[in-house]
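Student: Sequence plus the predicted model coming up.
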Amino acid sequence: MVRIPAVRTAVAVTSMVAVLAGGPALANAFTSTPPGPMPASWEDGRAHDAEQAAASHAAWLKAEKQRKAEEKRKAEEKRKAEEKRKAEEKRKAEEKRKAAERAARARAHQGGTPAQNRALGQQMCRDRGWSASQCDGLDRLWQHESGWNHTAANSSSGAYGIPQALPGSKMASAGADWRTNPRTQIKWGLDYIAASYGNPGNAWAHSQRYGWY
């Protein structure tokens, strides 16, 4: 009867169990035989996993780049929208200011109060090409005559309006609204001064000398 060493028998049994349970790889763990090369399918799997990881990282980088670009685009749109809003507010404020100026000029253009009539008369005097000293003479003349009041009426003589036309109906040649429109009265008065005295300075000098012009 041949005796089999107990150690070899245990190794053989263990190897057989390992093969049945887990395959050659586990069997090699219990034997002195070195493991062989990994299957090609395992290497392919590692390569595939590496490719997947690289692709996933590249996709993340792309998504992150797109996210940052989108954030930048939205920030730029917000900045432009704010600039547009401020520009629109500034434009509206400027339009409002200009409208107020136009309204003020329109009121001054038509006259009304003695101060407005005076400002209008000075402007119309300059528009005629008369000098500042000539327009100053006009200011003094009509301040003396009517105080630049377009409804001033002399009850004793019948003179009327800013230039104290005598009679007031003479001013109808400058406009049918001569009773109420300071511009019409001023235009008639300037025409009268130009035709009778040449300029306001001469008219003022005559008024000082004789008390009328």
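Tutor: Structure's in. What do you need?
Student: Surely residue 180 and residue 162 touch.
Tutor: No: using CB atoms under 8 Å, residue 180 is not in contact with residue 162; the gap is 11.8 Å. Bear in mind the C-beta positions are built from the backbone N, C-alpha and C, glycine included.
Student: neighbour count winner among those two?
Tutor: In terms of neighbours (other CB atoms under 10 Å), residue 162 is the more surrounded of residue 180 and residue 162; the figures are 29 against 12.
Student: doesn't that one fall inside a helix?
Tutor: No: counting by DSSP: H, G, I helix; E, B strand; the rest coil, residue 162 falls outside a helix, being coil.
Student: pLDDT score assigned to it?
Tutor: Among the per-residue scores, residue 162 holds a pLDDT of 98.
Student: same question, the one 5 residues further on
Tutor: Model confidence at residue 167, given as pLDDT, is 95.
Student: Need the overlap of contacts for residue 180 and residue 162.
Tutor: residue 150 (CB atoms under 8 Å, 6 or more residues apart in numbering).
Student: Which parts of this structure are strands?
Tutor: Here the chain has no strands by DSSP state E.
Student: In contact with the residue nearest the centre of the chain, which residues are there?
Tutor: With distances taken as CA atoms, centre = their mean, residue 87 lies nearest the centre of the chain, 0.8 Å away. Residues near residue 87 by CB under 8 Å, 6+ apart: none.
Student: Please tell me how far it sits from residue 206.
Tutor: Residue 87 is 58 Å from residue 206, where distance means CB to CB, to the nearest Å.
Student: The residue found closest to residue 112 once you drop the neighbours it is linked to in the chain - how many residues pack around it?
Tutor: Once flanking residues are discounted, residue 112 sits nearest to residue 182: 7.0 Å by CB to CB, 6 or more residues apart in numbering. Using other CB under 10 Å, residue 182 has 27 neighbouring residues.
Student: what does residue 156 give?
Tutor: Residue neighbour count, defined by other CB under 10 Å, stands at 5 for residue 156.
Student: Distance of it relative to residue 164?
Tutor: Taking CB to CB as the measure, residue 156 falls 12 Å from residue 164.
Student: can you check residue 124 too?
Tutor: For residue 124, the distance to residue 164 - CB to CB - is 17 Å.
Student: and the residue nearest to the centre of the chain, how far is that from residue 40?
Tutor: From residue 87 to residue 40 the distance is 69 Å (CB to CB).
Student: quick one, what contacts residue 188?
Tutor: Residue 188 makes contact with 163, 165, 170-171, 173-175, 178, according to CB under 8 Å, 6+ apart.
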